Structure formats: C-alpha cells, structure tokens
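1. here's a sequence, model it:
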Amino acid sequence: MAAMDSYLGWKVDFATPAGAPAFLGPDSVHWRIYKNPIALGVGGVAAVLLEFADARIRSGVWDHSTYKADPIGRSRRTGMAAMVGVYGPQDAARRVIQGVTNMHERVSGATPGGDGYRALDPELLDWVSATAGYGFLTAYDRFVSPVSEADKTRFYAESAPVARLYGVQNSPKSTADFMAMMEHLAPRFEPHPIVREFLSIIESGGAAPGVPKIVHRQLARASVSILPPVVRAKLQLGSEYDLSPMGAAAIRFLGALADRVAIKDAPPAQACVRLGLPADFLYRSADAQARVLGHWQAPQVAEATAAE
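-> All right, here's what the predicted structure looks like:
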C-alpha cells in the first residue's frame with residue numbers, strides 16, 4: 001500500500017500533514033500489531049469466518065459487496081479502512097469511517113431463512129468489530145510474537161474509541177468478553193457453502209495475486225486454526241483444514257520476518273514519519289523504541305467522538 005492511497009474517492013496520505021495525530025499513538029498495541037501483514041492476513045480471514053457464521057452478516061456481505069466478483073479490490077478497501085483508523089490522521093479516519101457508514105446505510109435484506117438484516121443493526125456492528133479485533137490480536141499472538149495478558153486488555157481498550165465512530169455500542173474489554181459475545185450469538189451459527197467458497201478464494205490466491213498458492217493455503221488453514229472450537233464445529237470445518245506443524249512453522253517464520261522489515265511506503269512507516277519518528281520505529285526492539293520515545297514530543301490526541 002502506498003503512502004497515499006484512496007478510499008471511496010478520497011485520497012489518504014499517511015505521511016502528512018506533519019504532526020497530525022492518529023486516534024492511536026505509536027506506543028499502542030494496535031500500532032505494534034497492525035504493522036504485520038501476516039497477522040492482518042490470518043486474522044482478517046478468521047474474522048470473516050466468524051462473521052459468516054451468522055447468516056445475517058453472511059448474506060449481507062455476499063449479496064451486497066463485491067467480494068465474490070472482486071476479492072482483490074474488496075480486500076484492499078477493507079484493509080485501507082482498518083489502516084486509516086489506526087495510522088491515519090484523525091480527519092482522514094473520520095472521512096473514511098463516515099464513508100463506510102454511508103455504504104452500510106444502504107445494506108439491508110433477508111437471509112435465505114427469512115431473517116431480516118440491516119448492516120447498521122447494533123448487534124451486527126458490535127460483532128463485526130469484535131471479530132476483527134479478536135482475529136488480528138489472536139493471529140499476532142499465535143504466529144508472530146506472544147502478547148501479554150496486560151497488552152491484550154490494553155488492545156481491547158484501545159479499540160473502543162474508533163469502534164464508536166462506526167456506531168459500535170458494545171466493544172469487548174477482554175478475550176473473555178469476546179467469548180461471551182460469541183456464546184450469545186452461537187445459537188444462530190450454521191454451516192453454509194459460502195464459507196467454503198470464501199476459503200477457496202483465499203486458498204487460490206485470488207485475494208493477493210503473485211504470492212505462491214501454497215502460502216495462501218497455509219494462511220487459510222492458520223486462520224481456521226485460531227477460530228474458537230465452537231465456531232469451527234458450527235461451520236463444519238473439519239480435519240481437511242488442519243494446519244500441519246510444518247505449515248504453522250512456515251507462517252511463524254513469515255510473521256517474524258514481517259515484524260522486522262520496515263516498508264517505507266507502507267502506512268505504518270509513513271505514519272511514524274508524519275509524527276516525527278524514524279520510519280523503522282515500529283520494527284525496532286522494545287528497548288530501542290523506549291529510547292526514541294523518551295526524546296519524542298507527542299502531538300495532542302483529541303478524544304474520538306461521533307463522525308463529523
């Protein structure tokens with residue numbers, strides 16, 4: 001992703017204006033996790049599987065988005081919305097989030113079973129937001145670097161202000177809170193051919209051409225591996241989706257490598273530059289980061305409120 005990208009026609013420049021704060025700071029757990037494309041890839045697929053377990057979300061995404069016809073474009077737009085909420089200047093984040101909300105206002109319908117749905121239903125908004133957080137955090141913890149319980153709690157707390165901009169009313173405060181939300185919805189969960197069709201798109205490399213298919217197959221299996229057992233059972237994703245020890249080792253190798261290599265034109269590096277930090281700040285050791293932050297003047301971060 002380039003330093004300047006677009007979403008719904010708006011240009012998003014992660015490198016300017018100089019000093020413009022994001023809703024989260026460079027010492028946040030989000031900035032640490034979202035810089036890693038392996039965690040985002042594995043966690044993002046897991047989040048979609050968690051969402052697709054509910055027929056209302058599955059129907060809304062499959063019937064009203066371009067994912068099936070244009071998985072590359074859809075994935076990039078979803079990735080951009082996530083990145084701008086974490087790394088982008090606050091004004092840009094508000095514009096993008098408002099754009100997402102405007103699109104969701106037009107999404108409504110009924111599932112094949114006759115249940116009505118609206119994309120802006122608070123219960124669905126809460127679940128979609130929660131699945132993204134759980135997916136990214138769990139993927140990073142499992143395949144990149146262990147995250148302490150204190151930092152997991154901090155991650156969930158950091159999520160709430162930006163989630164409110166999307167209309168989320170109830171954000172999990174911990175993994176236990178996420179599991180409680182899941183258990184409440186679990187009676188609705190069901191298998192569906194769309195789930196396997198989605199996984200087939202991921203395994204084929206349709207969402208990221210140029211990467212060997214074997215990598216995509218392992219990424220898909222890694223995503224299934226971090227699903228809570230009740231969800232995997234409900235979706236009937238059996239042993240054919242098991243991640244082998246060799247596959248897990250390969251994903252961990254890629255995750256660790258991605259955590260050490262700064263891409264200067266990517267949003268994490270550009271956001272660091274915007275705030276007067278070295279482009280490779282997030283890829284340095286914790287001690288090295290602490291030394292840099294000891295001499296860094298943080299811009300004032302405004303409280304996240306409703307989108308303008």
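2. C-alpha from now on. contacts and neighbour counts both.
-> OK.
3. poorly predicted segments of this structure, please.
-> Applying pLDDT under 70 to the chain flags the ranges 1-10, 65-76, 206-211, 300-308.
4. where exactly do the helices run in the stretch 151-300 of the chain?
-> 175-185, 193-204, 213-225, 229-235, 245-258, 267-274, 286-294 (DSSP state H, counting those that start in this stretch).
5. right, and the ones you listed - which one's nearest residue 26?
-> helix 267-274 (7.3 Å; Cα to Cα).
6. picking that back up, any idea which of the helices of the stretch 151-300 of the chain is most buried?
-> helix 267-274 (a mean of 26; mean count of other Cα atoms under 10 Å).
7. which other helices and strands contact that one?
-> Applying 3 or more Cα pairs under 8 Å, 6 or more residues apart in numbering; DSSP states H and E, we find helix 267-274 packed against helix 71-87.
8. let's see that with 10 Å instead.
-> Using 3 or more Cα pairs under 10 Å, 6 or more residues apart in numbering; DSSP states H and E as the contact definition, the elements that helix 267-274 packs against are strand 4-7, strand 10-13, helix 29-34, helix 71-87.
9. OK, contacts around residue 64?
-> Each residue near residue 64 by Cα atoms under 10 Å, 6 or more residues apart in numbering is listed here: 58, 103, 104, 106, 107, 108, 109.
10. show the buried residues in those residues.
-> Buried subset of the contacts of residue 64 (neighbour count, 16 or more other Cα atoms under 10 Å): 58, 104, 107, 108, 109.
11. for the last one, name its beta-bridge partners.
-> Beta-bridge partners for residue 109, by DSSP bridges, are residue 117.
12. so which residue is smack in the middle of the chain?
-> By Cα atoms, centre = their mean, the chain has its centre lying nearest to residue 132, at 4.6 Å.
13. name the nearest residue to it, ignoring sequence neighbours.
-> residue 47 (5.2 Å; Cα to Cα, 6 or more residues apart in numbering).
14. any idea which helix or strand carries that neighbour?
-> helix 37-52 (DSSP states H and E).
15. same for that helix, what does it pack against?
-> On a contact count with 3+ Cα pairs under 10 Å, 6+ apart, helix 37-52 meets helix 29-34, helix 55-64, helix 71-87, helix 122-143, helix 193-204, helix 213-225, helix 229-235, helix 245-258.
16. closest one to residue 185 among these?
-> Closest to residue 185 of the helices and strands packed on helix 37-52, according to Cα to Cα: helix 122-143, at 8.9 Å.
17. and the closest one, what's buried?
-> Within helix 122-143, the residues scored as buried using 16+ other Cα under 10 Å are 124-143.
18. got the CA coordinates for it in CSV?
-> Only the C-alpha atoms of helix 122-143 are listed here, as CSV (Å, rounded to 0.1, in the frame of the first residue of the first chain):
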residue,chain,number,x,y,z
PRO,A,122,-26.1,-2.6,16.6
GLU,A,123,-25.8,-6.3,17.3
LEU,A,124,-24.2,-6.9,13.9
LEU,A,125,-21.9,-3.9,14.1
ASP,A,126,-20.7,-5.0,17.6
TRP,A,127,-20.0,-8.5,16.3
VAL,A,128,-18.1,-7.4,13.1
SER,A,129,-16.0,-5.0,15.1
ALA,A,130,-15.3,-7.6,17.8
THR,A,131,-14.3,-10.3,15.2
ALA,A,132,-11.7,-8.0,13.6
GLY,A,133,-10.1,-7.3,17.0
TYR,A,134,-10.1,-10.9,18.0
GLY,A,135,-8.7,-12.1,14.7
PHE,A,136,-5.8,-9.6,14.4
LEU,A,137,-4.8,-9.9,18.1
THR,A,138,-5.0,-13.7,18.2
ALA,A,139,-3.1,-14.1,14.9
TYR,A,140,-0.3,-11.9,16.1
ASP,A,141,-0.1,-13.7,19.4
ARG,A,142,-0.1,-17.1,17.8
PHE,A,143,2.0,-16.6,14.7
